[in-house]
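# here is a sequence together with a model predicted from it:
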Amino acid sequence: MLPSLQSNKGHKNAPVLEVDEESDTLETLLRICYPIRNPSLDDMSLKDLEAALLAAVKYDMELPVSIFVSELLRRAEDAPIAIWALSCKTGQEDLACKMAERTLALESLACDPAADLAGVTAGQYYRLREFWRLRGKVDKKFRFCEGPHSNELVGPVQPPISLPATQWDLGIRSSDGVVYNVHESVICMISSKLQSKIRALRPRNESDPLPGQKKKSESNKKSSKNGANSTLKAAGANDDALLILELEEDCEVVGILLALCYRLRPDVLSTVQPTTLAATIAAARKYCMRSLLPDLQAEWTTVSREEPLCSYLAAANRWLTDCAAEAAREMLNVQLDGCYDSEMETTPAVRYYRLVSYYESCRAVAKELLAALPLEPSDAQKTLGDRKCTGRPLLESSTSFPPPQAEALWLKETLQRYAAAADKGPGGVASTCDTIYESAVEAELWCPSCQHLAAKLNHLSRTLKEVRTKILDAPLFL
């Protein structure tokens with residue numbers, strides 16, 4: 001892809017090719033290409049190797065690419081995760097596969113996410129984690145660098161509201177060019193930030209034109225020439241007659257905010273996706289629209305419960321720490337392993353890594369507390385095996401009921417179920433603490449003689465509540 005340059009040493013008219021790479025990177029590439037001794041790569045950092053490999057891939061230099069890949073393979077034992085990430089960033093799928101296979105020997109995928117995963121998407125790290133979790137037993141079409149391609153056709157975003165025609169005195173233009181005609185008094189009442197922006201747009205003298213408008217004399221001449229051919233904007237009003245306020249949000253977010261301001265559609269939030277809702281909450285906070293936040297927060301609670309992973313990613317991408325924490329806690333009620341969302345492909349890997357760390361720490365706490373519960377019956381409880389159970393009328397009076405064996409078996413199976421549930425969703429296991437006694441009754445273990453079983457059930461109930469407390473106190477770092 002590099003055009004050939006004739007050797008014109010000292011010639012003033014020698015062609016010069018401008019490139020984006022730094023001199024060190026370019027010199028490394030040229031030394032490999034020219035018939036001279038190759039540069040030593042031993043002292044190059046992974047960051048320098050990444051820059052050189054990116055340049056070699058960009059300019060389609062097969063020889064430098066193969067040399068850099070060989071050097072990275074030589075360093076595989078020292079930093080398999082970092083080199084895997086470098087492979088994804090440079091599009092080297094084969095190298096990424098080899099590095100992923102090296103991670104199978106690791107006990108965990110713990111790393112420094114800020115350094116090792118910089119520039120990697122959450123979707124790419126999710127695929128590495130799935131490859132590691134499944135011990136490499138994945139489909140032949142499995143890829144690290146690219147995610148699944150969606151067949152859905154995404155059309156243009158449609159404004160969610162249509163305001164009725166009336167006496168407007170302000171236009172709000174979204175980032176994608178849709179203009180909403182509104183009342184300045186309503187907007188100023190809802191948002192002090194927008195009020196300041198509107199005042200800043202007002203000309204000092206009433207005779208001066210508004211920003212983006214022409215002088216009245218020029219406008220009148222133009223309108224007299226055009227006459228009936230003059231047209232109105234999509235919002236339903238002439239922009240030349242209104243002060244236009246430009247916002248950074250798209251028409252969907254702006255439309256939702258205006259619908260809430262005017263209370264036009266109470267159900268406007270019911271069909272909003274987590275990504276759009278997070279953007280709307282961020283905009284409402286940005287413009288200090290405090291009266292809109294209760295409705296937005298209530299809807300966020302619902303959305304987080306229904307789609308916790310997408311909600312977490314959307315909130316984390318916009319630095320909505322409290323919203324991300326709420327979604328992360330809801331994520332504890334479902335299984336994280338194998339859970340994918342298309343939002344991952346545009347989310348930095350470090351944010352998904354934080355969620356995984358939070359989830360695994362909560363899972364470890366739940367499993368540790370459950371594993372500490374005693375399974376074997378105590379000596380005092382063993383003596384009950386010689387007594388008759390007075391609380392089970394279905395048993396014949398001559399039948400001796402052995403509580404220790406039956407209770408121990410049932411309790412063991414119950415703890416195993418809780419441990420399995422904690423592995424799939426550590427938050428969900430804490431919500432079952434109120435059903436323990438009902439489960440014991442259904443198992444026909446309850447009777448007046450079963451005081452030790454009751455004590456153990458109380459112990460288990462307290463443990464499950466402790467799981468809930470520790471999970472709520474677990475920190476989540478974005």
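The structure has been received and is ready for your questions. Numbering: from 1, shown residues only.
# ok, and what's touching stretch 339-350?
Stretch 339-350 has contacts (CB atoms under 8 Å, 6 or more residues apart in numbering) with 85, 113-114, 117-118, 120-126, 147, 150, 274-275, 307, 309-310, 313-314, 316-317, 352. Every residue, glycine included, has its C-beta placed from N, CA and C.
# whoops, I mixed them up, stretch 93-106
The contact list for stretch 93-106 (CB under 8 Å, 6+ apart) reads 69, 72-73, 76-77, 80-81, 83-84, 87-88, 109, 128, 131-132, 135-136, 143-145.
# any of the contacts of stretch 339-350 buried? List them.
When those are checked for burial by 16 or more other CB atoms under 10 Å, the buried set is 85, 113, 117-118, 120-126, 147, 274-275, 307, 309-310, 313-314, 316-317, 352.
# and the contacts of stretch 93-106, which of them are buried?
Buried members of the contacts of stretch 93-106, counted by 16+ other CB under 10 Å: 69, 72, 80-81, 83-84, 87-88, 109, 128, 131-132, 144-145.
# where do the strands sit along the stretch 251-400 of the chain?
Remark: no strands are assigned in the stretch 251-400 of the chain by DSSP state E, counting those that start in this stretch.
# remind me which residues of it are low pLDDT?
Scanning the stretch 251-400 of the chain for pLDDT under 70 picks out 375-400.
# among the contacts of stretch 93-106, which lie within helices?
Among the contacts of stretch 93-106, the subset assigned to helices under DSSP state H consists of V69, L72, L73, P80, I81, I83, W84, S87, C88, L128, F131, W132.
# next, the nearest residue to R329 once chain neighbours are set aside: secondary structure please.
Nearest residue to R329, sequence neighbours excluded (CB to CB, 6 or more residues apart in numbering): G427, at 6.4 Å. For G427, the assignment made with DSSP: H, G, I helix; E, B strand; the rest coil gives helix.
# cool, G171 as well?
G171 ends up strand, using three-state DSSP.
# ok, I81 touching A115?
No. Using CB atoms under 8 Å, I81 is not in contact with A115, being 10.3 Å away.
# where's the closest residue to W132 other than its chain neighbours relative to G177, distance?
Nearest residue to W132, sequence neighbours excluded (CB to CB, 6+ apart): T103, at 5.3 Å. According to CB to CB, to the nearest Å, T103 stands 47 Å off from G177.
# who has more neighbours, these two?
More neighbours surround T103 than the other of T103 and G177, with 18 against 10 (other CB atoms under 10 Å).
# now do the same for that one: its pLDDT.
In this model, T103 is scored at 96, pLDDT.
# that one and E146, how far apart?
19 Å.
# ok, E252 touching T275?
No. Using CB under 8 Å as the test, E252 is too far from T275 to be in contact (10.1 Å).
# need the overlap of contacts for the two.
Between them, E252 and T275 share no contacting residue under CB under 8 Å, 6+ apart.
# okay if I get the ones in helices among the contacts of stretch 93-106 as JSON lines plus distance to R285?
Converted to JSON lines, the ones in helices among the contacts of stretch 93-106 look like this (distance: CB to CB, whole Å):
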{"residue": "V69", "distance to R285": "46"}
{"residue": "L72", "distance to R285": "44"}
{"residue": "L73", "distance to R285": "48"}
{"residue": "P80", "distance to R285": "41"}
{"residue": "I81", "distance to R285": "36"}
{"residue": "I83", "distance to R285": "40"}
{"residue": "W84", "distance to R285": "37"}
{"residue": "S87", "distance to R285": "39"}
{"residue": "C88", "distance to R285": "34"}
{"residue": "L128", "distance to R285": "34"}
{"residue": "F131", "distance to R285": "38"}
{"residue": "W132", "distance to R285": "38"}
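# now for these: which two are most distant?
Spanning the widest gap among those are V69 and W132, at 21.8 Å by CB to CB.
# ok but L245 is inside a strand, no?
Yes. Membership of L245 in a strand is supported by three-state DSSP.
# contacts only, for it.
L170, G171, I172, R173, L194, K197, I198, L201.
# let's see it at 7 Å
L245 is in contact with L170, G171, I172, L194, K197, I198, L201, counting by CB atoms under 7 Å, 6 or more residues apart in numbering.
# before we move on, what about L296?
L296 sits next to T280, I281, A284 when contact means CB under 7 Å, 6+ apart.
# turn the residues you listed into TSV, including neighbour count.
Listed next are those as TSV, based on neighbours: other CB atoms under 10 Å:
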residue	neighbour count
T280	26
I281	24
A284	23
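# what's the burial count for the closest residue to E326 other than its chain neighbours?
Excluding its sequence neighbours, the residue lying closest to E326 (CB to CB, 6+ apart) is S304, at 5.3 Å. By other CB under 10 Å, 26 other residues sit near S304.
# quick check, S304 in contact with A327.
Yes. Under the criterion of CB atoms under 7 Å, S304 makes contact with A327 at 4.2 Å.
# separation between L17 and T321?
When distance is defined by CB to CB, L17 is 47 Å away from T321.
# okay, those two: which has more neighbours?
For L17 versus T321, the count of surrounding residues by other CB under 10 Å is larger for T321: 13 against 7.
# surely the more buried one and L478 touch.
Yes. Judged on CB under 7 Å, T321 makes contact with L478 at a distance of 5.9 Å.
# so what does the host helix or strand of T469 touch, helix or strand wise?
Using DSSP states H and E, T469 sits in helix 451-473. Contacts defined by 3 or more CB pairs under 7 Å, 6 or more residues apart in numbering; DSSP states H and E place helix 451-473 against helix 349-371, helix 403-424, helix 426-430, helix 436-442.
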